[in-house]
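just to be clear, the model below is a prediction. Sequence and coordinates:
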Amino acid sequence: MVLFDPAAATAAYLAQLPPEAHAKATAYTQGGHWLLLWGFLVSVLVSFLIVRSGVLVGLRRRMERRKPRPVLVSLAVGVVYLLIDGVLSLPWSAYAGWWRQKQYGLTSQAFGGWLGENAISLAISAVAFGLFLTALYALIRRAPRTWWLWGGGLTAVFITILMVLSPIYIEPIFNHYTPAPAGPVRDQVVAMAKANGIPADKIFVYNGSKQSNAYTANVSGLFGSARVAMSDTMFKQGADLAEVRGVVGHEMGHYAHYHSLWIAGVMSLLAIVSFFLVDRLFAPVCALLGGDTIKGLADPAGLPVLSVILAVLSLLGTPVTNSLIRIAESDADHYSLEHFNEPDGLSKALVKTIEYRAATPSRLEEVLFYDHPAVGNRIRRAMDWKAAHPKAE
């Protein structure tokens, strides 16, 4: 009897891609690490230019010429800031979000299509985050000493609302979602959902190939809006039933273990820490950027200053947030293996994601930059599971 060797099986899966494909994936992934730094520098430069232009201060002064209108001013200044920031950052966004994807063969979308969707996304973000900022500045005015603590709760509410509404109102703007068609795939997914107490009426396929060639699926929404969605790229790349079971089982793991909720909770705690530091750092950073006409933290014209501080904290906190998401992803992998026993199906699917996520980074690189466990490690865990559960074959 030949014993199953997980290490050899993992190597065999990774060898399904030629060395040049792995090299291309490594170049794409490591280049993406640098994008974090360049994106941060772009955001700081844009905020500096907005502060020095005085456009937000001028808007605030015009709106307050006759009488104070703090709520209206916060909303208007917030929306204008977000729109200006989006327009000034557009060249960088086009490079990072479209050109680079095109360069590596990860999208077939024309630039006009990307630009149109970017404009829609910017408009939605301006309205949504404009409302959030209006509420945040109301907290700063009402509770100047403890606003940062209440801000964490506000962040939790905002994230939860977005999670509930996104699958219903936002995601359909960019993609067409249809119930998984009748056939073996739908029958299998429905059976999986029913067997594990997961709603079986919200299994969708969407035209993800419109934006990206990446092999992917996702779970989104909360409570009654939650759904599992598979990109049509899965089937264009030949996903079989074993892959569907492995991948959808992973997404069902996110749903069953409430990963969205606990990640939102942790993000809210991180928001409290970030807002506390904003409270302490606003004055010196404002002076450094030359915001002499900004009246303090409660002045919405200081939004670019707040943005710079949060950008620094976000960059420094990347390993923390990435690690939180990696924990959830590992747990979802384990759920898939434990409940659906498709180590080979999951591994076949993971191999198809290597083109946009290098398979074998160093441990330090994975901890610092990866928001999913490295594919090589995920496949090895699946093969270890297979070795420990031979009846899964």
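Perfect, thanks for sending it. Keep in mind that what you see is a predicted model, and the values were worked out from it rather than measured.

in the biggest helix by length in the chain, what counts as buried?
Counting residues, the longest helix found in the chain (DSSP state H) is helix 19-53. Taking 16 or more other CB atoms under 10 Å as the neighbour-count basis, helix 19-53 is seen to contain the buried residues 22, 24-25, 28-29, 32, 39-40, 42-44, 46-48, 50-51. Bear in mind the C-beta positions are built from the backbone N, C-alpha and C, glycine included.

do stretch 102-110 as well
So for stretch 102-110, counting by 16+ other CB under 10 Å, buried means Tyr104, Leu106, Thr107, Gln109.

pick out the most distant pair among the residues you listed.
The span of the buried residues of stretch 102-110, defined through CB to CB, is set by Tyr104 and Gln109 at 13.3 Å.

after whichever strand or helix holds Val73, next one along is what?
Here Val73 sits within helix 70-88, counting by DSSP states H and E. Sequence order places helix 90-94 as the next helix or strand after helix 70-88, per DSSP H and E.

now the closest residue in space to Ala195 that isn't next to it in sequence: which helix or strand?
Residue nearest to Ala195 in three dimensions, not counting chain neighbours: His339, with 7.8 Å by CB to CB, 6 or more residues apart in numbering. Here His339, judged by DSSP H and E, is contained in helix 318-340.

go on, Met230?
Using DSSP H and E, Met230 maps to strand 227-231.

adjacent strands (with direction) for that strand?
strand 203-206 (parallel), strand 217-220 (antiparallel) (DSSP bridges).

report the buried residues of the last one.
In other words, strand 217-220. Quick answer for strand 217-220 (16+ other CB under 10 Å): Ala217, Val219, Ser220.

and it, what's its mean pLDDT?
Per-residue pLDDT over strand 217-220 has a mean of 81.

list of residues touching that strand?
Strand 217-220 has contacts (CB atoms under 8 Å, 6 or more residues apart in numbering) with 163, 166-167, 171, 226-231, 234, 247-248, 250-252, 254-255, 260.

then that strand to CSV, C-alphas only?
What follows is strand 217-220 as a C-alpha-only set of coordinates in CSV (Å, rounded to 0.1, in the frame of the first residue of the first chain):
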residue,chain,number,x,y,z
ALA,A,217,-16.5,33.7,-5.6
ASN,A,218,-17.7,35.6,-2.6
VAL,A,219,-20.3,35.9,0.2
SER,A,220,-21.8,39.3,0.8
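
I'd like the numbering to begin with 31 instead of 1 from here.
Sure thing, new numbering starts at 31, so read that last one as strand 247-250.

ok so, going back, I'd like the next helix or strand past the strand holding Met260.
In N-to-C order, the element after strand 257-261 by DSSP H and E is helix 262-266.

could you find the closest non-adjacent residue to Cys208?
To be clear, residue 208 is Thr; Cys isn't right here. Here the residue nearest Thr208, using CB to CB, 6+ apart, is Val235, at 5.9 Å.

residues contacting that neighbour?
Contact analysis of Val235 by CB under 8 Å, 6+ apart lists Tyr207, Thr208, Pro209, Ala210, Pro211, Ala259, Met260, Ser261, Asp262, Phe265.

show me which of these are buried.
Applying 16+ other CB under 10 Å to these, the neighbour count classes Ala210, Ala259, Met260, Ser261, Asp262, Phe265 as buried.

any weak-confidence spans in the stretch 131-280 of the chain?
254 (pLDDT under 70).

wait, Ile366 touches Ala379, no?
In this structure residue 366 is Ser, not Ile. No - counting by CB atoms under 8 Å, Ser366 does not reach Ala379; the two are 10.0 Å apart.

give me the common contacts of those two.
What both Ser366 and Ala379 touch, as defined by CB under 8 Å, 6+ apart, is the set Gly276, Val277.

that older thread, report all helices and strands that the helix holding Val103 contacts.
helix 49-83, helix 85-93, helix 141-172, helix 333-346 (3 or more CB pairs under 8 Å, 6 or more residues apart in numbering; DSSP states H and E).

tell me who's in contact with Gly116.
Here Gly116 is in contact with Ser123, Leu152, Ser155, Ala156 (CB under 8 Å, 6+ apart).

okay, the residues you listed in TSV with distance to Trp144 next?
Formatted as TSV, these follow (distance: CB to CB, whole Å):
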residue	distance to Trp144
Ser123	9
Leu152	12
Ser155	16
Ala156	18
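
filter those residues down to the buried ones, ChimeraX style.
Command for ChimeraX that selects the buried part of the contacts of Gly116, burial taken from 16+ other CB under 10 Å:
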select :123,152,156
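
how close does Asn352 get to Ala256?
24 Å (CB to CB, to the nearest Å).

cool, and Leu67?
Counting by CB to CB - Leu67 and Ala256 are separated by 35 Å.

what do you get for Ala55?
For Ala55, the distance to Ala256 (CB to CB) stands at 32 Å.

just Ala51 next, same as before
Ala51 is 35 Å from Ala256, by CB to CB.

confirm Arg96 sits in a strand?
No - according to DSSP: H, G, I helix; E, B strand; the rest coil, Arg96 belongs to no strand; its state is coil.
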